[in-house]
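# need a 3D model of the following:
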Amino acid sequence: MSSFIFTTSQVGAEPIIKEEVVGQFPEARLAFSRPGLLTFKLPDENIQALQKMEVPLKSVFARTWGYSIGSVRGETVEEILPKLWELTGERRFDRIHVFGRDLHKIGDYKFEPRLTDEAYDLCRQLSEAYPFDSLKSKDQREAALEGETVLDVILVNPTPPTRVTDFVARRETSEEAQESKPQKARKGREKKAGPRFEWLIGWHRVHSFQSAFPGGMLDLEVPDYVVSRAWLKMEEALRWSHFPIFNARVCEIGSAPGGATQALLARGCEVMGVDPAEMHPNVLADPKFRHIRSRIAFVKRKEFRRVRWLTCDINVPPNYTLDVIESVVMHPEVSVRGMILTLKFPDWNMGFEVKDYIARIKSWGFNIVRARQLHYSHQEICVACLKKPFRK
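Predicted structure coming up:
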């Protein structure tokens with residue numbers, strides 16, 4: 001039985017995850033760590049409670065988590081394989097997930113977390129070399145099923161995206177051209193070369209939506225007609241929340257240019273978009289969409305009488321977003337069943353206040369409130385809120 005757990009996350013969220021883990025397990029101690037990847041040593045009784053699902057790990061910012069059993073290093077996959085199977089021993093797994101930690105903050109060098117060709121290729125190699133016949137699927141594009149046991153192979157030093165290596169090469173060339181730069185300063189930035197491959201090895205049992213996917217990341221294929229990446233965020237939010245938002249009446253606050261709207265329209269919803277900016281012509285052409293081109297503060301509350309679901313994604317701090325939402329859902333003529341809200345953090349320190357945001361939402365009568373930093377989120381979280389049972 002492992003005494004360690006691992007978490008992966010966005011770069012920048014690590015201090016919040018440390019507080020979340022220690023807040024739940026006061027005796028937890030930080031062990032191996034890298035940006036976007038943390039491991040903690042926990043007392044055996046905490047590990048046993050987690051494995052029996054008596055208590056799940058309560059983390060908003062961990063993209064995925066599991067039990068860490070060690071690491072392997074080497075110059076080739078063939079060199080590492082015997083070390084990997086020795087580490088896992090006789091334990092049988094239903095699937096293998098291979099994914100990398102985030103190397104950069106989202107947006108740096110246009111970085112976006114994703115499952116790479118490197119991860120897919122390694123998963124295929126490991127699945128074909130797996131010494132037992134217990135694997136139910138060798139394709140990590142297929143979602144794992146609840147209760148299945150998954151071997152996690154985390155690439156500690158994944159291959160950087162081409163755009164990152166190109167940027168670094170241009171910077172180094174520029175520095176070499178500047179002879180006035182002190183040679184000592186350049187040498188100080190040189191890093192000692194390590195092994196080509198370094199993998200953190202762990203496992204988890206599928207117990208939630210995100211744990212069914214490698215690293216908690218959905219590899220969504222964006223349809224050609226989609227007008228913005230907001231489609232990705234809404235699509236993931238709808239799947240994660242499992243809310244019955246089909247053929248529903250929805251108000252979307254902050255709808256422009258319409259990517260998220262398209263995810264709702266595809267589910268047969270009638271969407272009222274509130275945004276002072278322009279919507280894409282393709283979205284405006286849909287007969288089930290109505291645009292109120294205004295700031296939400298100036299929209300008469302009678303417009304929300306028929307709305308049963310509300311979504312909001314506006315570029316302001318969390319408490320301002322919650323002020324806006326409260327002014328709508330607490331109006332006596334409005335009866336909203338559920339909400340999907342995006343709370344943005346201009347400062348990561350705002351992430352330490354998530355419990356306060358959730359408590360405020362619950363005070364409005366939403367008795368089911370869950371929060372998570374989605375794979376396609378940036379420096380923000382998604383909050384899914386529901387009134388159950390719902391009475392108009």
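# secondary structure element for the nearest residue to Arg91 once chain neighbours are set aside?
In space, and not counting its chain neighbours, Arg91 is closest to Trp203: 7.3 Å by CB to CB, 6 or more residues apart in numbering. No exception for glycine: its C-beta is placed from N, CA and C like everyone else's. Trp203 belongs to strand 197-205 when assigned by DSSP states H and E.
# does the nearest residue to Ser255 once chain neighbours are set aside count as helix, strand or coil?
Leaving aside its sequence neighbours, Ser255 sits nearest to Gly273 (CB to CB, 6+ apart; 3.1 Å). When classified by DSSP: H, G, I helix; E, B strand; the rest coil, Gly273 comes out as strand.
# repeat for Asp166
Here Asp166 is helix, with the state taken from three-state DSSP.
# list the contacts for it?
If you count contacts by CB atoms under 8 Å, 6 or more residues apart in numbering, Asp166 has none.
# and for His375?
Per CB under 8 Å, 6+ apart, neighbours of His375: 63, 113, 210, 216-218, 236.
# lowest average confidence, helix or strand, in the protein?
Ranked by mean pLDDT, DSSP states H and E, the helix or strand of the chain with the weakest confidence is helix 183-188, at a mean of 48.
# from what I see, Pro158 and Asp121 are in contact.
No: using CB atoms under 8 Å, Pro158 makes no contact with Asp121, being 11.8 Å away.
# thinking again about what came up before, would you confirm that the residue nearest to Ser255 contacts Ala256?
Yes: using CB under 8 Å, Gly273 is in contact with Ala256, at 7.4 Å.
# hmm, back to that, report pLDDT for the residue nearest to Ser255.
Gly273 is assigned 98 on the pLDDT scale.
# how about the one 4 residues further on?
The predicted local confidence for Ala277 comes out at a pLDDT of 97.
# can you check Lys191 too?
At Lys191, the pLDDT value in this model is 54.
# more crowded one of Pro158 and Asp121?
Pro158 (20 against 12; other CB atoms under 10 Å).
# what residues are up against the residue lying closest to the more buried one once chain neighbours are set aside?
Distances taken as CB to CB, 6+ apart put Gly100 closest to Pro158, at 3.1 Å, once the chain neighbours are dropped. By CB under 8 Å, 6+ apart, the contact list for Gly100 reads 116, 118-119, 154-155, 158, 215.
# before we move on, what about Lys233?
260, 313, 342, 374, 376-377, 382.
# try Arg34
101, 156.
# how about the strands in the stretch 51-200 of the chain?
64-74, 95-100, 149-155, 197-205 (DSSP state E, counting those that start in this stretch).
# most tightly packed of these?
Sort the strands of the stretch 51-200 of the chain by mean neighbour count, taking mean count of other CB atoms under 10 Å, and strand 95-100 sits at the top with a mean of 26.
# how far off strand 197-205 does that strand point, in degrees?
Here the directions of strand 95-100 and strand 197-205 differ by 130 degrees (axes from the mean of the first three to the mean of the last three CA atoms, to 10 degrees).
# please parse the protein into its domains.
4-216, 230-386 (automatic domain parsing).
# ok, of the ones you listed, where does mean pLDDT dip lowest?
domain 4-216 (a mean of 89).
# end to end, how far does that one reach?
This stretch, domain 4-216, spans 19 Å end to end (CA to CA, to the nearest Å).
# ok, the residue nearest to Ser255 - contacts?
251-252, 255-256, 258, 261, 279, 283, 289-292.
# repeat that for Ser255.
261, 271, 273-275, 279, 291.
# and what of Ala31?
4, 39-41, 68.
# closest one of those residues to Val21?
Set against Val21, the nearest of the contacts of Ala31 by CB to CB is Phe40 (5.5 Å).
# the helix or strand encompassing that closest one: partners in the sheet, and parallel or antiparallel?
Counting by DSSP H and E, the element that carries Phe40 is strand 37-41. Using DSSP bridges, the strands paired with strand 37-41 are strand 4-8 (antiparallel), strand 29-34 (antiparallel).
# mind checking which of those is nearest Ser363?
From the strands paired with strand 37-41, taking CB to CB, the stretch that ends up closest is strand 4-8, at 29.8 Å.
# that closest one: what's the following helix or strand?
helix 14-24.
# other residues contacting that following helix?
5, 7, 9, 28, 30, 33, 35-36, 38, 40, 55, 57-62, 348, 351-352.
# how distant is that helix from the center of its chain?
On the basis of CA atoms, centre = their mean, to the nearest Å, helix 14-24 sits 17 Å off its chain's mean C-alpha point.
# buried stuff in it?
Buried residues in helix 14-24, counting neighbours by 16 or more other CB atoms under 10 Å, are found at 14, 16-18, 20-21, 24.
# now distance to Phe304 too, for these, in CSV please.
Shown next, in CSV, are the buried residues of helix 14-24 (distance: CB to CB, whole Å):
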residue, distance to Phe304
Glu14, 39
Ile16, 33
Ile17, 37
Lys18, 40
Glu20, 35
Val21, 40
Gln24, 38
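# between those, which is nearest Arg141?
Ile17 (27.2 Å).
# so how far is Arg205 from that closest one?
20 Å (CB to CB, to the nearest Å).
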